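*Asks:* Have a look at this prediction, sequence included:
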Amino acid sequence: MNKPLLSVRDLRVDLNTRSGVLHAVRGISFDVAPGETLCIVGESGCGKSMTSLALMDLLPRVARRSAGGITFDGQDLTRRRIAGRLRGRRMAMIFQEPMTALNPAFTIGDQMVEAYLYHVGGTRAQAVERAAQMLEKVGIGSARSRLSQYPHQLSGGLRQRVMIAMALITDPELLIADEPTTALDVTIQAQILRLLKDLQKELGLAIILITHDLGLVSRIAERVVVMYAGAIVEEGSAAEIFDRPAHPYTRALIDCIPQPGRTERGAHLGTIAGVVPSLIGPQEGCAFRDRCPVAQPRCASDIPTQQAGSHRWVCIHGGRA
Amino acid sequence: MSYLLETRGLTRRFQVSQGMFRPKATLHALNGVDLRLRKGEVLGIVGESGCGKSTLAKILLNLLAPSEGTVLLDGKDIRALGRMEFTRRVQPVFQDPFSSLNPRKTIADIVTMPLRVHGIGTDAERRKRAAGIMDMVGLPARFAERYPKELSGGQRQRVAIARALVMNPDLIICDEPTSALDASVQSQILNLLMDLKRDLGLTYVFISHNLSVVEHLVDQVAVMYLGRVVELGMTAQVFDAPQHPYTRALLDSALTVAPGQGVPDIGLGTAFPNPLAIPPGCPFQPRCPRAFDLCAQVRPQPVDVAAGGAACLLTEEALRGAA
Amino acid sequence: MTAITTNPPSLTSGTLRRMLHHPSLVVGVAIVAAMILIAVFAPLLAPHDPYVQDISRRAVPPVWYEKGTWENILGTDQLGRDYLSRLIYGARVSLLIGFSVVLISGLIGTTLGLLAGYFGGKVDTFVAFIVTVRLAMPVILVALAVVALFGGSIWVVITVLGLLKWDRFAVVVRSTTQQIRALDYIASARTAGASTFWILLREVLPNIAPQLIVIATIEVASAILMEAALSFLGLGVQPPLPSWGLMISEAKSYMFFSFWLIAIPGTALATLVFAINLAGDGLRDMITPERS
Amino acid sequence: MLPAVTLGYYITPPFMRLVRAGMIDALNTDYVRTARAKGLPARRVVFKHALRNALVPVVGLVAVQLGLLMGGSVVVESIFALDGLGYLAYQSISYRDFPVLQAVVLLLSLAYVVLTLLSDIINAWLDPRLRAA
């Protein structure tokens, strides 16, 4: 792999709760190469959203971030001043809820121009010109008149397009998308994902996409990170993860979803027994062992990370037998 | 052949306020929906927001009266049935397991509530019945005295199912029952619903936007768009050989696990379906990749509920050509 | 919205434990409880008869003044009545008025709010209209006028304030009911065949109880203050009944000679209202889900 | 001066409480998170994006409180013996001069209606979503 654009080492997010410190993210490391799509996938509570917020320094106030190192294009993101210069300029973010992510009190144009003027500068007329260009780029016709509209006058699909246009207005190199299509209808979802992929090709954009939807991941990811209980359990290319899943959790998760052609209609779907362990306090050994069909006594102690090329997984078992 | 559930020309309009000084607009949520369902079958309803599927669910549950048309249960108009009789036979499972359980009631209270409303049994008998049902849906007996907030999403959805089953209903209306759940929990609930159907001879109307789930679970499927059924047929038929361009687009945009396949271009454009301004002619025409000039003027014939098929000028054309 | 679905405030389980996380609530409740006990056991606690006048012992200052005596710990008023005893009996009037007014206004407001929130449409428009009409009326002036018409007695004051102060109940209950009505557990009750009455009483009401209690505390404090204002203007509780507002009113002409006459009931009034507000704020914090 | 301070002191707490709650709510919204993600300085996020939306309920309260104030100033006016509407009303009650009282009540009600209308107009300017309704 060439030099990574974003490099994350031993990232941790802790939240203070009444019952103790909740370790939402437990020391994860990964790299993102320029222009690549990395999907972080997992079920609710696995720490995927906290990871994305931590990268942008947008964590809620009760959360604390610590990291062995986060670098963006070689610059240290854990330093406030550097992060402040990069955030919204070279790394941008879009969110799940297009209905609430735009400020209802200001026009689309106002909100788009704002970031451009702050980061890039120039005259307002130039910024407006750039905003109109961006709207056209995300497939919104009659862009000029759209700029003076308010968010509530647009449909959910259009708002998410506006969000993307707004995020990309400063020509960033990395886009973090936290469940960007979960709130949208399936046809709109397909269109938005397609748009993201096209823009990525055109602009050489790296994308970190956070989602719970394995189908979506299989379609757009180049590399996949599977998270469970705050930790990465498996990482690899999309083909590796879906065709040769090595971690029992990944395998179980894939078996849970009905797949036309593979699962028989009306047959029982795979399930995962039990519940996710509490994230409060330390976790010894494999967090999945209580629900794992192939668990061994030694799963309670330290688990080795196994590797085959770019494919890594944290399990005592080596790949699929 | 008799049907457990039949709808005839269901239409529902809402008056929507546009502001103090503007005239009210009419929202056409449902427009002439005909459906039929035999006992023991599962009818899937798929569509996107604004297609009228939640309005349909409310009407089927008698929570909302249709503007026109009727719902027949075993051939009888449900408005003639009376509240008690109807609610004994038709029960819901809603989408959000967090809002479908009263936070101030214990699980036992929630499950026995329909029995108390109907004045069935003594307190002890009701609790015994609740315990039996809870066991059937896989809820441990110790949950009886707990409150909803102490349960996970999947467990709450099991409580909702238990409450629906406690009256021994014939028909369950499932309105997006797994949309709020994680994949691993969704599969448990879907397995449970299939087991219950087999064991208790239940009939389901299964409303969902998730095509993979619908395809896995239902016998026949109705695809809805802007208040109309645009395609109707047996599951295999609709999913393997869709006739309506909208069904085609829906199927293409369902992202099944297929690494390397990418996201297809479904060619729908950015127009969005607005039930406040349904276009003349075919309602799907502004987004349809295969629309031709007639589509903007002529409204396609509604789907024939007996034969199935698509409400599309293309298929009408093809049929005429064949004839 | 999420407050109702995800973190339901519970009045049943662990209430005491959670109360202890809110010190202001504990302090407020303690003071109010003490005052209620004092009011209930006034005849046992008061050292003298609050109505007996003694012209020879007029305006005796409290015990901490040079001329004060232990006979009248808080001194006597301008008619020679024991001030401590009047203060203790005055607590009865204040609390009786506060709680009775809220009972009446709470009943009216909750009923209107429930109906408006649950049925919406024309019922809602109608309730919104009478709430607006009510809000457009200056409460104090209308109360003054009615009392002037019917004469001041504790029951007239209670009735008038009770009939005027339901607006906050109606507004809050309406909006909370609207939110709850949209939740699926209401739809579930309806699909189980439950009647509207059943749903309002058993499904909706328990879920708005916490909000009701919070408003009730605010309104008790406000009613007590209003009674004091009316009595102060001479159009509330009539002498010789001891009411804190009346005591302040009677003392105002002497305030430059015998400051304690106005300071003591004033402090008592401020403490009670403060304690009720503390309790209300604490309750509000307790039932509002944690903000991050 | 003193009467004004007294009344001001009386009505300030509800505003402080409402602004505080409104700001806490606004700062937790998705659109404030979006503004932060755009890399805007904290000052701009708070004063441009959060404050404007937090002000909407406050404007409504201003109307209600002003209405309340005019009625509630009876007590203060009679303490300070000011020749205001409140004192006039108080005197008319004491002298059983009900026509005058009626006029005062009507005037105050009218003032309240005007204030509410004003607050609705200001809110429509603050929040474009309210313009349609």
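*Replies:* Sure thing, it's come through. Residues are numbered from 1 along each chain as shown, chains lettered A, B, ... in the order given.
*Asks:* which helix in chain A runs the most residues?
*Replies:* helix A:186-203 (DSSP state H).
*Asks:* Tell me if that helix is near chain B.
*Replies:* Yes. Counting by CB under 8 Å from any CB of the partner chain, contacts between helix A:186-203 and chain B involve A:186-191, A:193-194, A:197. Quick note: C-beta positions are derived from backbone N, CA and C, even for glycine.
*Asks:* what's the angle from the following helix or strand past that helix to helix A:186-203?
*Replies:* Next helix or strand after helix A:186-203 toward the C-terminus (DSSP states H and E): strand A:206-211. Orientation check (axes from the mean of the first three to the mean of the last three CA atoms, to 10 degrees): strand A:206-211 against helix A:186-203 gives 160 degrees.
*Asks:* Return strand A:206-211 as PDB; C-alpha atoms alone will do.
*Replies:* C-alpha atoms of strand A:206-211 as PDB (Å, rounded to 0.1, in the frame of the first residue of the first chain):
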ATOM      1  CA  ALA A 206     -11.000   8.900   0.000                       C
ATOM      2  CA  ILE A 207     -14.200   7.800   1.800                       C
ATOM      3  CA  ILE A 208     -14.700   6.300   5.200                       C
ATOM      4  CA  LEU A 209     -18.300   5.000   5.200                       C
ATOM      5  CA  ILE A 210     -19.800   3.900   8.500                       C
ATOM      6  CA  THR A 211     -22.800   1.500   8.200                       C
END
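*Asks:* Parallel or antiparallel, list what pairs with it.
*Replies:* strand A:37-41 (parallel), strand A:174-178 (parallel) (DSSP bridges).
*Asks:* Which positions in the last one come out as buried?
*Replies:* Which is strand A:174-178. A:174-178 (16 or more other CB atoms under 10 Å in any protein chain shown).
*Asks:* repeat for stretch C:89-102
*Replies:* By neighbour count on 16+ other CB under 10 Å, the buried set for stretch C:89-102 is C:89-102.
*Asks:* Next: stretch C:20-33.
*Replies:* C:22, C:24-25, C:28-29, C:31-32.
*Asks:* before we move on, what about stretch B:152-167?
*Replies:* B:153-167.
*Asks:* so of the residues you listed, which ones are in strands?
*Replies:* Judged by DSSP state E, strands contain none of those.
*Asks:* helix, strand or coil for the residue in the stretch 101-250 of chain B that chain D sits nearest to?
*Replies:* Nearest to chain D, among the residues of the stretch 101-250 of chain B, is B:Ala180, at 19.0 Å (CB to the nearest CB). With DSSP: H, G, I helix; E, B strand; the rest coil as the basis, B:Ala180 sits in coil.
*Asks:* ok, which residues in the stretch 101-250 of chain C are in contact with chain B?
*Replies:* C:183-185, C:187-194, C:198, C:203, C:206-207.
*Asks:* cutoff 6 Å now
*Replies:* Counting by CB under 6 Å from any CB of the partner chain, the residues of the stretch 101-250 of chain C close to chain B are C:183-185, C:187-188, C:190-194, C:203, C:206-207.
*Asks:* Top of those by number of neighbours, please.
*Replies:* When neighbours are counted by other CB atoms under 10 Å in any protein chain shown, C:Tyr185 leads these with 28 neighbours.
*Asks:* pLDDT at that one, what is it?
*Replies:* C:Tyr185 carries a pLDDT value of 94.
*Asks:* B:Met134 too?
*Replies:* Taking B:Met134 on its own, its pLDDT is 94.
*Asks:* same question, A:Gly319
*Replies:* A:Gly319 is given a pLDDT of 67.
*Asks:* now do C:Val172
*Replies:* C:Val172 is given a pLDDT of 91.
*Asks:* And it, which helix or strand is it part of?
*Replies:* helix C:167-181.
*Asks:* Packing partners of that helix?
*Replies:* Applying 3 or more CB pairs under 6 Å, 6 or more residues apart in numbering or on different chains; DSSP states H and E, we find helix C:167-181 packed against helix C:83-119, helix C:121-136, helix C:205-232.
*Asks:* pLDDT below threshold where in the stretch 151-292 of chain C?
*Replies:* Across the stretch 151-292 of chain C, the ranges flagged by pLDDT under 70 are C:287-292.
*Asks:* interface residues of the stretch 151-300 of chain A facing chain D?
*Replies:* A:His152.
*Asks:* what about the helices in the stretch 151-300 of chain A?
*Replies:* A:156-167, A:186-203, A:214-220, A:238-243, A:248-256 (DSSP state H, counting those that start in this stretch).
*Asks:* of those, which approaches A:Met93 most closely?
*Replies:* helix A:156-167 (6.6 Å; CB to CB).
*Asks:* about what we covered before: what's the angle between the helix holding C:Val172 and helix C:205-232?
*Replies:* Going by the same axes, to 10 degrees, helix C:167-181 makes 170 degrees with helix C:205-232.
*Asks:* Now do helix C:167-181 against helix C:121-136, angle only.
*Replies:* 150 degrees.
*Asks:* Flag the shaky bits of chain B, pLDDT-wise.
*Replies:* B:1, B:19-21, B:322-323.
*Asks:* What sits closest to the residue minimising distance to the centre of it if chain neighbours are left out?
*Replies:* Closest to where the C-alpha atoms of chain B average out (CA atoms, centre = their mean) is B:Ile207, at 2.5 Å. Spatially, and ignoring its direct neighbours in sequence, B:Ile207 is nearest to B:Ile45 (4.5 Å; CB to CB, 6 or more residues apart in numbering or on different chains).
*Asks:* which strand residues sit across from the one you found in the sheet?
*Replies:* Beta-bridge partners for B:Ile45, by DSSP bridges, are B:Ile207, B:Ala222.
*Asks:* how about it, what does it touch?
*Replies:* Contacts for B:Ile45 were tallied using CB atoms under 6 Å, 6 or more residues apart in numbering or on different chains; they are B:53, B:207, B:222.
*Asks:* Fine by me, thanks again.
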